[in-house]
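Chemist: next come a sequence and a model predicted from it.
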Amino acid sequence: MSSVLQADRQTALFADYNRSSFAFEHSLHQSDIFESGQLIAMSARLPDAAYYSTADSSVGDGWKRLGDGRASLAETLERLDETNSLVLLKRCERDPRYGALFRELMAEVVERCGGALRDDLDVGRATLVISSPGRVTSYHIDAEVNFLFQVRGRKLLHAFDPNDRTLLSETELEGFYGGDCDAARYKVERQNEARVFPLEPGKGVHLPLHAPHWTQNLDGISVGVSLNFTLRSGVRLAKLYEANARLRRVGISPSAPGASSWQDQLKLAAIAGVSCARPLLRRPFAKAFT
């Protein structure tokens, strides 16, 4: 596959990798693998790697509503233009037919971002994001950095500042890493603070770790390729938030990650195994974390 991030003028954009959201341009939409028949065939090759919902969805609904009496994945893909559906076809880099294309795309993004991504990279994944006309993808955060390539249709992506703790609180992050994928709550009164990115074929957006976002599909079926990169620094942060969630459940108000290096090290040791975690999370140890 030839380069899909061809313009040298975009190089400066990638200096903001994992710092702030930014738009970029690409040529991935010129590939013929994103037509409906190809997507249905790919879903058959990756049947265990899909999330899909046919439930009505608004910005604040979260991800837990899948819809009653859902059709099969193939039927859902066939009837996208008649329904209000969202399909996430995951692990596309493992597809026996087109996996190499997605792996090459991930390698190109890593190369463009340089050491900031390459030296921190744990694992990369490719996900196809497919949605019906008018479908809303609810407000949420991700545990990975994200590069979204729009290849069919048009949508609006609303992205927020992941570092604003009045918008995305420590307790929301703790809830997220404690197992609640909908822990980040949409605050309608803060909507005017979102950066709105119009997406069409050939346009893309980078989202840093934990950047809250939601999307509104417009007048046709939308298909995007989402490259998700799990970072080693992100895994460490996840463990700290998981430890804080455990501490808060037993009545302790923990310090935020990064506030105390020795407390962070103690939490990491505690979360490393159940045998270590149990004694450290009992109330007699509360003073160590306050």
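Modeler: That came through, no problem.
Chemist: mind listing the strands for the stretch 101-250 of the chain?
Modeler: Secondary structure of the stretch 101-250 of the chain (DSSP state E, counting those that start in this stretch): strands at 121-131, 136-140, 145-152, 155-159, 195-199, 203-207, 213-217, 222-231.
Chemist: for residue 75, which of the ones you listed is the nearest?
Modeler: Proximity to residue 75, assessed across the strands of the stretch 101-250 of the chain by CB to CB, is greatest for strand 121-131 (13.5 Å). Glycine gets a C-beta too; all of them are placed from N, C-alpha and C.
Chemist: quick one: buried residues of the closest one?
Modeler: Buried residues in strand 121-131, defined by neighbour count with 16 or more other CB atoms under 10 Å: 121, 124, 125, 126, 127, 128, 129, 130, 131.
Chemist: what does that strand rub up against?
Modeler: 34, 39, 42, 77, 80, 85-93, 102-103, 105-106, 110, 137, 144, 148, 155, 217, 221-232, 234-235 (CB atoms under 8 Å, 6 or more residues apart in numbering).
Chemist: any of those buried? List them.
Modeler: The neighbour-count test (16+ other CB under 10 Å) marks 34, 39, 42, 77, 80, 85-93, 102-103, 105-106, 110, 137, 144, 148, 155, 217, 221-231, 234 as buried among the contacts of strand 121-131.
Chemist: about what we covered before: switch the strands of the stretch 101-250 of the chain over to a markdown table; also include mean pLDDT and distance to residue 247.
Modeler: Output for the strands of the stretch 101-250 of the chain, formatted as a markdown table (pLDDT from 0 to 100; distance: least, CB to CB, whole Å):
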| stretch | mean pLDDT | distance to residue 247 |
| --- | --- | --- |
| strand 121-131 | 97 | 25 |
| strand 136-140 | 95 | 24 |
| strand 145-152 | 98 | 27 |
| strand 155-159 | 98 | 30 |
| strand 195-199 | 98 | 34 |
| strand 203-207 | 97 | 29 |
| strand 213-217 | 97 | 29 |
| strand 222-231 | 98 | 24 |
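Chemist: among the ones you listed, which is nearest residue 258?
Modeler: strand 222-231 (15.2 Å).
Chemist: can I get that closest one as PDB, trimmed to CA atoms?
Modeler: Provided in PDB are the C-alpha atoms of strand 222-231 (Å, rounded to 0.1, in the frame of the first residue of the first chain):
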ATOM      1  CA  SER A 222     -20.800   6.300   7.500                       C
ATOM      2  CA  VAL A 223     -17.700   4.200   7.400                       C
ATOM      3  CA  GLY A 224     -14.500   5.100   9.300                       C
ATOM      4  CA  VAL A 225     -11.300   3.300  10.200                       C
ATOM      5  CA  SER A 226     -10.300   3.800  13.800                       C
ATOM      6  CA  LEU A 227      -6.700   3.000  14.700                       C
ATOM      7  CA  ASN A 228      -6.400   2.500  18.400                       C
ATOM      8  CA  PHE A 229      -3.000   2.400  20.100                       C
ATOM      9  CA  THR A 230      -2.600   1.200  23.700                       C
ATOM     10  CA  LEU A 231       0.300   2.900  25.300                       C
END
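Chemist: picking up where we left off before, nearest to residue 58, of the strands of the stretch 101-250 of the chain?
Modeler: strand 136-140 (5.8 Å).
Chemist: helices and strands around the closest one, which ones?
Modeler: Packing partners of strand 136-140 (3 or more CB pairs under 8 Å, 6 or more residues apart in numbering; DSSP states H and E): strand 213-217.
Chemist: ok so, going back, looking at the strands of the stretch 101-250 of the chain, which is nearest to residue 255?
Modeler: strand 222-231 (22.0 Å).
Chemist: ok, that closest one: who's next to it in the sheet?
Modeler: Strand 222-231 pairs in its sheet with strand 121-131 (antiparallel), strand 145-152 (antiparallel), by DSSP bridges.
Chemist: make TSV out of those and add distance to residue 206.
Modeler: Output for the strands paired with strand 222-231, formatted as TSV (distance: least, CB to CB, whole Å):
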stretch	distance to residue 206
strand 121-131	14
strand 145-152	5
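Chemist: closest one to residue 271 among those?
Modeler: Of all the strands paired with strand 222-231, strand 121-131 sits nearest to residue 271, with 16.8 Å by CB to CB.
Chemist: may I have the closest one exported as CSV, CA atoms only?
Modeler: What follows is strand 121-131, C-alpha atoms only, in CSV (Å, rounded to 0.1, in the frame of the first residue of the first chain):
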residue,chain,number,x,y,z
LEU,A,121,3.5,1.6,22.1
ASP,A,122,2.1,-1.5,23.7
VAL,A,123,-0.3,-2.7,21.0
GLY,A,124,-2.2,-1.4,18.0
ARG,A,125,-5.6,-2.3,16.7
ALA,A,126,-7.8,-1.4,13.7
THR,A,127,-11.6,-1.0,14.0
LEU,A,128,-14.1,-0.3,11.3
VAL,A,129,-16.8,2.1,12.6
ILE,A,130,-20.0,1.7,10.5
SER,A,131,-23.2,3.6,11.2
